[in-house]
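In: after the sequence you'll find the predicted model.
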Amino acid sequence: MDSFTQIVLGIATAELCAGEKLRRRTFLYGAILGTIPDLDVLVGSFMYPVKAVAIHRGLSHSLLFFLGLSPILGWIVSKIEKEKNSFKSATNMVFWCLLTHVLLDMFTSWGTQMFWPLPDRIALKTIFVIDPLYTLPLLISLILAWRKPTFALRKKYVLRGLYISTFYLAITCGLKLFALQQFKNALQQQNIAYNDLIVKPTAFNCILWNANVATNDAYLLGDYSLFDSQPITFQVYQKNSGLAQELTGNPDFETLKKVSEGWYIVTQKDSTFYFNDLRFGLLNADAKQPQFAFSYIFKNQDGSLKAYEVPKEKRDGKALMKGIFQRIKGN
């Protein structure tokens, strides 16, 4: 999830774990601890772009990392607070702030490598990385809690916010299962044989859902709004296995192929190769040269092909949001 949401969740977690002893200082500790796993983005800014993508939500979002880091940060907090907080309770606060960060990220489309060094990511794909309907109840509860003089009253408001936000997460799970069934029904009605299917929400909402469908020779992309009255249709994108074969063995291609979990197509324009990660939707639907939310261009550098992310334009984002708004209404 976005950093602001993780800060809010970190504060709520810290307050429940140590609010009685640390009082409102939990707002500072929770804000810091809630953002620590995402420091992999800062580390990645000093790395080659493809390597940065590969490490995102890897080690820094793993149980192994939390188990090693929690005692260290717990000891630091206990020393800062001295008699106000014991090493054990401080370590407990740190661990739960880190863990809840990852548990929330598991609901997004990117997911987390929670059991690193195992390569598999856990991604439930029920919520977009920014969703005000999850964040606002928590934020409001913390604002109200800040004004209360006792821990008992603060705890009551924080728990209310967590209950509402968690209930919303449960709703998104139910909506995803419903949307998944609609896509399965559409594929069956259209006699489309497929090998794999993933469904995920579009930006900032849980009303409009995207589907990626893998067949033997192509990928089908479709969307479904809870307000739709027309049958689901799918856009066909050929796998272009021949183009992908030309990049086989290239280190950047192999890394991106692994990161995309196999959901990609390679396209070519003016002898230049593009790698398109299909999991996060389209920015434009140009049949000849589609641009996806995450596309990479291969450039010749010192005699070898290196991949760089294709820059996104502001107009792409505006057009995308306009299209999503229209589709949510069932248009």
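Out: Looks like it arrived, so ask away. Numbering: from 1, shown residues only.

In: checking my notes, Ser229 in a helix, right?
Out: No - per DSSP: H, G, I helix; E, B strand; the rest coil, Ser229 lies outside any helix segment and is coil.

In: any idea how far it is from Leu99?
Out: Computed as CB to CB, to the nearest Å, the Ser229 to Leu99 distance reads 43 Å. Every residue, glycine included, has its C-beta placed from N, CA and C.

In: so between the two, which is more surrounded?
Out: Taking neighbours as other CB atoms under 10 Å, Ser229 and Leu99 compare with Leu99 leading, 18 against 6.

In: please tell me I have it right and the more buried one contacts Phe65.
Out: No - using CB atoms under 8 Å, Leu99 is not in contact with Phe65; the gap is 10.7 Å.

In: following the longest helix along the chain, which helix or strand comes up?
Out: For the chain, the longest helix by residue count, based on DSSP state H, is helix 151-189. Per DSSP states H and E, the first helix or strand lying C-terminal to helix 151-189 is strand 196-201.

In: that following strand - contacts with which helices or strands?
Out: helix 151-189, strand 208-214 (3 or more CB pairs under 8 Å, 6 or more residues apart in numbering; DSSP states H and E).

In: distance from that strand to the middle of the chain?
Out: 14 Å (CA atoms, centre = their mean, to the nearest Å).

In: please apply the same query to stretch 222-239.
Out: With CA atoms, centre = their mean, you get 22 Å for stretch 222-239.

In: and the end-to-end length of that stretch?
Out: By CA to CA, to the nearest Å, the extent of stretch 222-239 from end to end equals 16 Å.

In: ok, now stretch 97-115?
Out: Note: stretch 97-115 ends 17 Å apart using CA to CA.

In: hey, where'd the strands end up in the stretch 201-331 of the chain?
Out: 208-214, 218-225, 234-238, 264-269, 272-284, 291-301, 304-309 (DSSP state E, counting those that start in this stretch).

In: if we can go back for a sec, quick check: buried residues in the longest helix of the chain?
Out: Within helix 151-189, the residues that count as buried by 16 or more other CB atoms under 10 Å are 151, 154-155, 157-158, 160-162, 164-165, 168-169, 172, 175-176, 179-180, 182-183, 186-187.

In: could you do stretch 196-211 as well?
Out: 198-211.

In: run through this structure and note the low-pLDDT ranges.
Out: Where the chain drops to pLDDT under 70, the residues are 83-84, 284-289, 314-317, 330-331.

In: any idea how it splits into domains?
Out: 3-124, 191-331 (automatic domain parsing).

In: mind giving me TSV with these and columns for distance to Asp131?
Out: Putting the domains of the chain into TSV (distance: least, CB to CB, whole Å) gives the following:
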stretch	distance to Asp131
domain 3-124	8
domain 191-331	6
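
In: looking at those domains, which is buried most?
Out: domain 3-124 (a mean of 19; mean count of other CB atoms under 10 Å).

In: could you find the closest non-adjacent residue to Trp146?
Out: Arg24 (6.7 Å; CB to CB, 6 or more residues apart in numbering).

In: to clarify, my last question referred to Arg23.
Out: That would be Phe151: by CB to CB, 6+ apart, it lies 7.2 Å from Arg23.
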